[in-house]
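Student: Okay, predicted coordinates and the sequence, questions at the end:
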Amino acid sequence: MTTLASGTDTLTRDALTVLQPGFTGTTAPDWLLRRLGEGLASVGLFGRNIASPDQLAALTAQLRAERDDVLVAIDEEGGDVTRLEVRTGSSFPGNHALGAVDDVELTRQVAHELGRRLAACGVNLNWAPSADVNSDPRNPVIGVRSFGADTELAARHTAAYVTGLQSAGVAACTKHFPGHGDTAVDSHHALPRIDVSAEVLTERELVPFRAAVAAGTRAVMSAHILVPALDPDRPATLSRRILTGLLRGELGYDGLIVTDGMEMRAIAGAYGIERGSVLAVAAGADAICVGGGLADDATVLRLRDALVAAVRAGDLPEERLADAADRVRALARWASTAAGTPAKTRGSEIGLHAARRALTVTVAQGGEPRRASSPSPNRPSSPPSPPSPTSRSATRPPGVSPPSSSTSCRAR
């Protein structure tokens, strides 16, 4: 049972509860353990925090010795975005490769096995999957992290990923709402703008998120993008129209809303992380993600104090902060009791199996490309091109990392 420090008042506790900070090093620093005792309920892990599966399991055990229901979050998409295997490359293909195969059962199995490995290491919240439709091929930040440019394909694979991941006892955090695919600007560096009509957004960007909500995604991550058709003044992360009106109201979503990293320039450059965090919670966000760049106690205290001051000044309703904190605790309760279902898959071999199915054989002398896998069960098949008698080379599709040794924690 978690015992909170007796000197922490309710308002301060709630302000700490809505933060998802990061830290440096492969063991938890004293300041982080102290904040967990005062009300902090979530911790974000990055590649810098992970040296091996056994070390990661020891780290999460260290966090839970201080707070047994802590949410331990990670950004583990597979493919090009991995934290668990940051030093070797992921054992799992990324979304683009899974979309190329277009077998939703395969996507579910990959997500389940990835979730099983995370759960064995003590991670219970994954900032994945990316539900963005890759509408703009110039997109510098989504690209192969998307299942593809086809709306319905992205929707069915998003739902399959959410189902697979959560069946392993790890909460999915579907991102980046309301859709980051139709941009040519990276929100890490500037504020992207999507200039399409509300009708296009409804028929394209929002479809995978509706599928994720229907699949029961436990969390949704907001995007630092300006969408004038929805809100001409505020980026999605800071927009009550988008987070409360659209996501909660129109889409009927009732889970946790997490922000993308608040130190990203799209927010920090225009609003600062303190004001940005206050505006995000006021708009409907429940958890403030920070720590990719700013990963120290001073940052946590700055954000905690900014939220407390905003409540006392009347700029942030106390009941909104309390509601956000309650949603964090509700997800923590789910994660503490969620039990993964046994895998009816190839287990540790599923990543390699999926990557092989995503390969395309390139014919050297004028032949047509031929997929080196069985036809997709989700789309009509066509006869394969005959192999050329000349040399052929198998090419790795985007989103498939080089082969690496399987990485997993010992099951606990």
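Tutor: That came in fine, so what should we check first?
Student: contacts and neighbour counts: CA atoms only from here.
Tutor: OK.
Student: Verify the contact between L153 and N134 for me.
Tutor: No. Using C-alpha atoms under 8 Å, L153 is not in contact with N134, being 11.1 Å away.
Student: Mutual contacts of these two, please.
Tutor: Common neighbours of L153 and N134, using C-alpha atoms under 8 Å, 6 or more residues apart in numbering, are F147.
Student: Give me the more crowded residue out of these two.
Tutor: Taking other C-alpha atoms under 10 Å, L153 and N134 do not tie; N134 has more neighbours (26 against 20).
Student: The more buried one is in contact with G143, isn't it?
Tutor: Yes. When contacts are counted by C-alpha under 8 Å, N134 is listed as touching G143 (6.2 Å).
Student: what is in contact with the two at once?
Tutor: Counting by C-alpha under 8 Å, 6+ apart, the shared contacts of N134 and G143 are G181.
Student: which ones are touching the residue nearest to R240 when sequence neighbours are not counted?
Tutor: Computed as C-alpha to C-alpha, 6 or more residues apart in numbering, the closest residue to R240 that is not its neighbour in sequence is A283, at 3.9 Å. If you count contacts by C-alpha under 8 Å, 6+ apart, A283 has them with T237, L238, S239, R240, R241, L243, T244.
Student: The third one - how many residues pack around it?
Tutor: Residues lying near S239 (other C-alpha under 10 Å) number 26.
Student: Just the pLDDT for it.
Tutor: Looking at S239, its pLDDT stands at 98.
Student: where's it relative to A280, distance?
Tutor: 7 Å (C-alpha to C-alpha, to the nearest Å).
Student: Kindly report the same for A15.
Tutor: Using C-alpha to C-alpha, A15 is found at 13 Å from A280.
Student: Same check on V220?
Tutor: V220 is 14 Å from A280, where distance means C-alpha to C-alpha.
Student: Tell me which of these two has more neighbours.
Tutor: Shown here are V220 and A280; by other C-alpha under 10 Å, V220 has more neighbours (31 against 26).
Student: and that one, bridged to which residues?
Tutor: T174, I257 (DSSP bridges).
Student: thought it was touching D260?
Tutor: No. Judged on C-alpha under 8 Å, V220 makes no contact with D260 at a distance of 9.8 Å.
Student: shared neighbours of those two, anything?
Tutor: Common neighbours of V220 and D260 (C-alpha under 8 Å, 6+ apart) are H176.
Student: ok, back up a step: could you turn the buried ones of the contacts of A283 into a ChimeraX selection?
Tutor: Per 16 or more other C-alpha atoms under 10 Å, the buried members of the contacts of A283 correspond to this ChimeraX selection:
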select :237,238,239,240,241,243,244
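Student: From one end of stretch 86-105 to the other, what's the distance?
Tutor: 26 Å.
Student: And for stretch 243-254?
Tutor: Where stretch 243-254 starts and where it finishes are 11 Å apart, if you go by C-alpha to C-alpha.
Student: So, low pLDDT: which residues of this structure?
Tutor: Applying pLDDT under 70 to the chain flags the ranges 1-7, 185, 339-347, 364-412.
Student: Quick check: can you list the domain ranges of it?
Tutor: Following automatic domain parsing, one gets these domains for the chain: 10-337, 347-395.
Student: Can you tell me which of those is most buried?
Tutor: Greatest average neighbour count among the domains of the chain goes to domain 10-337 (a mean of 22), per mean count of other C-alpha atoms under 10 Å.
Student: would you list every one of the strands in the protein?
Tutor: For the chain, the strands defined by DSSP state E occupy 19-20, 42-45, 71-74, 125-126, 171-177, 219-222, 256-258, 288-289, 360-363, 370-371, 392-395.
Student: I'd like to know which of these lies nearest to A160.
Tutor: strand 171-177 (11.2 Å; C-alpha to C-alpha).
Student: Name the residues that touch the closest one?
Tutor: 124-132, 158, 162, 165-166, 209, 212, 217-223, 236, 258, 260, 335.
Student: ok, the closest residue in space to A160 that isn't next to it in sequence - contacts?
Tutor: Once flanking residues are discounted, A160 sits nearest to R108: 4.9 Å by C-alpha to C-alpha, 6+ apart. The contact partners of R108, taken as C-alpha under 8 Å, 6+ apart, are H157, A160, Y161, V162, T163, G164, L165.
Student: mind running it again at 10 Å?
Tutor: Listed by C-alpha atoms under 10 Å, 6 or more residues apart in numbering, the contact set of R108 reads 98, 114, 157-167, 345.
Student: Next: S187.
Tutor: Neighbouring residues of S187 by C-alpha under 10 Å, 6+ apart: 140-141, 180, 193, 223-225, 260-261, 264-267.
Student: what is in contact with A15 and A280 at once?
Tutor: Common contacts of A15 and A280 (C-alpha under 10 Å, 6+ apart): A287, I288.
Student: From G272, how far off is R265?
Tutor: R265 is 9 Å from G272, by C-alpha to C-alpha.
Student: same thing with I242?
Tutor: Taking C-alpha to C-alpha as the measure, I242 and G272 are separated by 20 Å.
Student: Look up how far A215 lies from Q166.
Tutor: Distance of Q166 to A215, given as C-alpha to C-alpha: 10 Å.
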